[in-house]
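Novice: Provide a 3D model corresponding to the input given below.
(one chain, ligands or ions: 2)
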Amino acid sequence: MLAALHFSGARVSRPISNLPEGAAGLCYSSRFRFSDSVVITSGFCESSKLSCSSSRRVLPRIACDGGRAVEVLEKSGGVGNDEGDEAEKQFSCVMKFGGSSVASAERMREVAQLIRSFPEENPIVVLSAMGKTTNKLLLAGEKAVSCGVTNAELIDELGFIRDLHFRTLEELGLEKSIVAKHLEELEQLLKGIAMMKELTPRTRDYLVSFGECMSTRIFAAYLNKLGTKARQYDAFDIGFITTDDFTNSDILEATYPAVAKRLHGDWISDPAIPIVTGFLGKGWKTCAITTLGRGGSDLTATTIGKALGLREIQVWKDVDGVLTCDPNIYSKAEPVPYLTFDEAAELAYFGAQVLHPQSMRPAREGDIPVRVKNSYNPNAPGTLITKSRDMSKVIQAVLTSIVLKRNVTMLDIVSTRMLGQFGFLAKVFSIFEDLGISVDVVATSEVSISLTLDPSKLWSRELIQQASLPNELDHVVEELEKIAIVNLLQNRSIISLIGNVQRSSLILEKVFRVLRTNGVNVQMISQGASKVNISLIVNDSESEQCVRALHEAFFDANIVELDLEHGSNNGNGAASK
Ligand SMILES: Nc1ncnc2c1ncn2[C@@H]1O[C@H](COP(=O)(O)OP(=O)(O)O)[C@@H](O)[C@H]1O
Ligand SMILES: N[C@@H](CC(=O)OP(=O)(O)O)C(=O)O
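Specialist: Residues are numbered from 1 along each chain as shown. Ligands and ions are numbered 1, 2, ... in the order given. Now for the predicted structure:
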């Protein structure tokens, strides 16, 4: 039986001899600090003669490595506050650079320069794969499934990846050997996929991990060459423990103490800037490489920020911060100077590609400010994301941004029973629970429910079993039709208005004026419990036009006039929370 052990009380001095073979526990007593305890990572417990304490928080998961406790870390006397403070001195912030920031040798030089321009800061650096490497790896995997073993080494994307990484090494004056083994292994893997004629989610995660494993090795070697001591880390080897949901796994609590312990310990024995692979983890049951979902390096960065209780988390992108809307939809989008964690989380969840949907969670839990910056324009102030923001600022008082999520499926579900029938909502949601599909936006009446289905859930399945996707939706409808009349509406979009929903009347008045002028009918509306988001459902075909029109109304010149007309500083006070 699996169990998490919690060694309570004073320091456990000889834990290993007390442990049955294969047993390991993991505990900590505050969010960032270890104390009076033994921390054992990378092991799992099959049985235990040790007593478990419920007096403190018991971690829900423990890591494994082939069923053996492989690493036992003992704190003599506990790390406590002193060493925690020491850790803060060692590492001031985490700096995450996305694919666009490390897309070439030139970009890597600039990022290295940026890091070296703050010699007093000892950052922990998190990197994504170079440029579009992740997409290329995925495409190479898809091609390998059907190209035949002899053709696997000729796949275009493999050639592209090989050229990009070798060229970058050459331009930076580094040895090819730094990634040569990885490239050989990648070729072998593609041949293996070709031989098996299948690409499972587990193999897919292993396949894309090559991107981050190579970019971090190149960058660490380059910093060392410049005389800035750096050490490369694969996240799956330093305690990033996740669920085993390949392609979209969740970070488990065990990660925080394990990662802090490893980075902290290495720094003490041999100081060097850690260069950590973003996006990757290790499944707690399978011990296989997992990924955190597309864009997951943001989550790696905030997890490290929380684990070490750092002063700031910086995510460096190719835009001047979080913008008022997707610049690909409306080129006049402006940077948003301040956001709250709640606003940023909502914005990310409802489709703004700029931040990973789960990335705000660790930052919010650790109350660590997140700064979104532009590596192409480091002097731009960027966006600062904190617990609260000043709601009296005119331009941001009402809305901070508009987000579009396309290709959403909407369901209208009307009960076939009499008015007032209780349990209807419960039955509907239990069907979604059974099918493992999450719901985004919901609006209800006495006998009907309108809701949208989380497209990312459907997309991730689409990757797994493309052909069966329509069947899956059919199955949802089939189940619901046992208790209701169901109307399935596809090709819808959710437009989310993120901001100060306390001023919803002002927001909605303007929204409906704009939509009426543009001849658009809203099919569903929901003002979320989060208090920072109003969601509107419209047809996909009308959605971009709506976003542009709404942006003009809320953010372009006349907004200030309109707001002042209605009293923008409505006396709600300075802080949001
Ligand atoms: N509201 C938004 N604010 C900023 N960028 C956005 C927004 N919505 C979509 N984007 C897109 O997100 C991109 C940045 O995110 P991402 O590609 O994940 O960066 P990186 O790979 O550097 O981490 C931008 O180039 C932009 O096209
Ligand atoms: N390379 C991964 C992880 C990531 O976070 O990338 P980026 O920071 O470039 O969005 C991806 O493309 O999904």
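
Novice: return the residues in contact with the nearest residue to K285 once chain neighbours are set aside.
Specialist: Spatially, and ignoring its direct neighbours in sequence, K285 is nearest to D244 (5.0 Å; Cβ to Cβ, 6 or more residues apart in numbering). All C-beta atoms are positioned from the backbone trio N, CA, C, and that covers glycine. With contact taken as Cβ atoms under 8 Å, 6 or more residues apart in numbering, D244 is in contact with 283-286, 288, 290.

Novice: nearest to ligand 2: which residue in the stretch 351-500 of the chain?
Specialist: H356 (6.7 Å; Cβ to the nearest ligand atom).

Novice: give the helix, strand or coil label for that residue.
Specialist: coil (DSSP: H, G, I helix; E, B strand; the rest coil).

Novice: now do stretch 449-460, average pLDDT.
Specialist: Mean pLDDT, computed over stretch 449-460, is 70.

Novice: need the contact list for whichever residue of the stretch 1-150 of the chain sits closest to ligand 1.
Specialist: Residue nearest to ligand 1 within the stretch 1-150 of the chain: G98 (2.1 Å; Cβ to the nearest ligand atom). Taking Cβ under 8 Å, 6+ apart, we find G98 in contact with 128, 297-298, 315-318.

Novice: of those residues, which are in range of ligand 2?
Specialist: Contacts with ligand 2 within the contacts of G98, as defined by Cβ under 6 Å from any ligand atom: 128, 297.

Novice: show me just the buried residues among the contacts of G98.
Specialist: 128, 297-298, 315-317 (16 or more other Cβ atoms under 10 Å).

Novice: and the longest helix anywhere in the chain, average pLDDT?
Specialist: When the chain is parsed with DSSP state H, its longest helix is helix 201-226. Averaged over helix 201-226, pLDDT sits at 98.

Novice: ok so, going back, could I get the contacts of G98 as JSON lines with distance to G309 and pLDDT?
Specialist: Putting the contacts of G98 into JSON lines (distance: Cβ to Cβ, whole Å; pLDDT from 0 to 100) gives the following:
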{"residue": "S128", "distance to G309": "24", "pLDDT": "98"}
{"residue": "S297", "distance to G309": "20", "pLDDT": "98"}
{"residue": "D298", "distance to G309": "19", "pLDDT": "98"}
{"residue": "V315", "distance to G309": "18", "pLDDT": "98"}
{"residue": "W316", "distance to G309": "21", "pLDDT": "97"}
{"residue": "K317", "distance to G309": "24", "pLDDT": "96"}
{"residue": "D318", "distance to G309": "29", "pLDDT": "96"}
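
Novice: residues of the protein that sit close to ligand 1?
Specialist: Near ligand 1, when you scan the chain using Cβ under 6 Å from any ligand atom, you find 98-101, 128, 295, 317-319, 322-323, 325-328, 352-354, 401.

Novice: show me which of these are buried.
Specialist: Of these, these count as buried by 16+ other Cβ under 10 Å: 98-101, 128, 295, 317, 319, 322-323, 325-326, 352, 354, 401.

Novice: can you pick out the ones from these that are in helices?
Specialist: Per DSSP H, the subset of those in helices is empty.

Novice: show me where the stretch 251-400 of the chain has its helices.
Specialist: Assignment of helices within the stretch 251-400 of the chain using DSSP state H, counting those that start in this stretch yields the ranges 255-269, 297-308, 341-349, 360-366, 394-397.

Novice: so which of these is the most surrounded?
Specialist: helix 297-308 (a mean of 28; mean count of other Cβ atoms under 10 Å).

Novice: need the residues of the protein near ligand 2, please.
Specialist: So the chain meets ligand 2 at 98-99, 128-129, 134, 211, 278-279, 294-297 (Cβ under 6 Å from any ligand atom).

Novice: rerun at 8 Å
Specialist: 96-100, 128-129, 132-135, 208, 211-212, 278-279, 291-298, 300, 317, 353, 356 (Cβ under 8 Å from any ligand atom).

Novice: among the contacts of G98, which one lies nearest to Q188?
Specialist: S128 (23.8 Å; Cβ to Cβ).

Novice: so the closest one touches L299, yeah?
Specialist: No. The pair S128 and L299 does not pass the contact test of Cβ atoms under 8 Å, sitting 11.5 Å apart.

Novice: send the alpha carbons of stretch 259-275 over as PDB?
Specialist: What follows is the C-alpha trace of stretch 259-275 in PDB, where atoms were taken according to Å, rounded to 0.1, in the frame of the first residue of the first chain:
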ATOM      1  CA  VAL A 259      13.800  21.200  -5.500                       C
ATOM      2  CA  ALA A 260      14.700  23.700  -2.800                       C
ATOM      3  CA  LYS A 261      16.900  21.200  -1.100                       C
ATOM      4  CA  ARG A 262      18.700  20.200  -4.200                       C
ATOM      5  CA  LEU A 263      19.400  23.700  -5.500                       C
ATOM      6  CA  HIS A 264      20.200  25.000  -2.100                       C
ATOM      7  CA  GLY A 265      22.500  22.200  -1.300                       C
ATOM      8  CA  ASP A 266      24.400  22.400  -4.600                       C
ATOM      9  CA  TRP A 267      24.900  26.100  -4.100                       C
ATOM     10  CA  ILE A 268      26.400  25.600  -0.700                       C
ATOM     11  CA  SER A 269      28.900  23.000  -1.900                       C
ATOM     12  CA  ASP A 270      29.700  24.700  -5.200                       C
ATOM     13  CA  PRO A 271      28.100  28.000  -6.200                       C
ATOM     14  CA  ALA A 272      26.900  28.200  -9.800                       C
ATOM     15  CA  ILE A 273      23.900  29.700 -11.500                       C
ATOM     16  CA  PRO A 274      21.400  26.900 -12.000                       C
ATOM     17  CA  ILE A 275      20.100  26.500 -15.600                       C
END
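
Novice: so for that stretch, mean pLDDT?
Specialist: pLDDT averaged over stretch 259-275 gives 96.

Novice: and the residue nearest to G283 when sequence neighbours are not counted, helix, strand or coil?
Specialist: Closest residue in space to G283, ignoring its immediate chain neighbours: D244 at 3.8 Å, by Cβ to Cβ, 6+ apart. Assigned by three-state DSSP, the conformation of D244 is coil.

Novice: what's D244 sitting at in phi/psi?
Specialist: When read as degrees, to the nearest 10, the backbone of D244 gives phi -100, psi 30.

Novice: got any ranges where the chain has weak pLDDT?
Specialist: Under the criterion pLDDT under 70, the flagged ranges of the chain are 1-89, 392-397, 418-421, 455-472, 528-530, 557-577.

Novice: geometric centre of it: which residue is closest?
Specialist: H356 (3.5 Å; Cα atoms, centre = their mean).

Novice: how close does P123 get to P201?
Specialist: Note on P123: its distance to P201, by Cβ to Cβ, to the nearest Å, is 33 Å.

Novice: ok, S104 next?
Specialist: Taking Cβ to Cβ as the measure, S104 falls 30 Å from P201.

Novice: swap in L497?
Specialist: 35 Å.

Novice: which residue ranges make up each domain of this protein?
Specialist: Structural domains annotated on the chain: 16-79, 91-130+208-317, as defined by automatic domain parsing.

Novice: so what's L154 closest to, chain neighbours aside?
Specialist: C147 (7.9 Å).

Novice: T286 too?
Specialist: D244 (5.0 Å).

Novice: now the strands for the stretch 351-500 of the chain?
Specialist: All strands of the stretch 351-500 of the chain, identified by DSSP state E, counting those that start in this stretch, fall at 370-374, 383-386, 399-415, 439-444, 448-453, 484-499.

Novice: lovely, talk soon.
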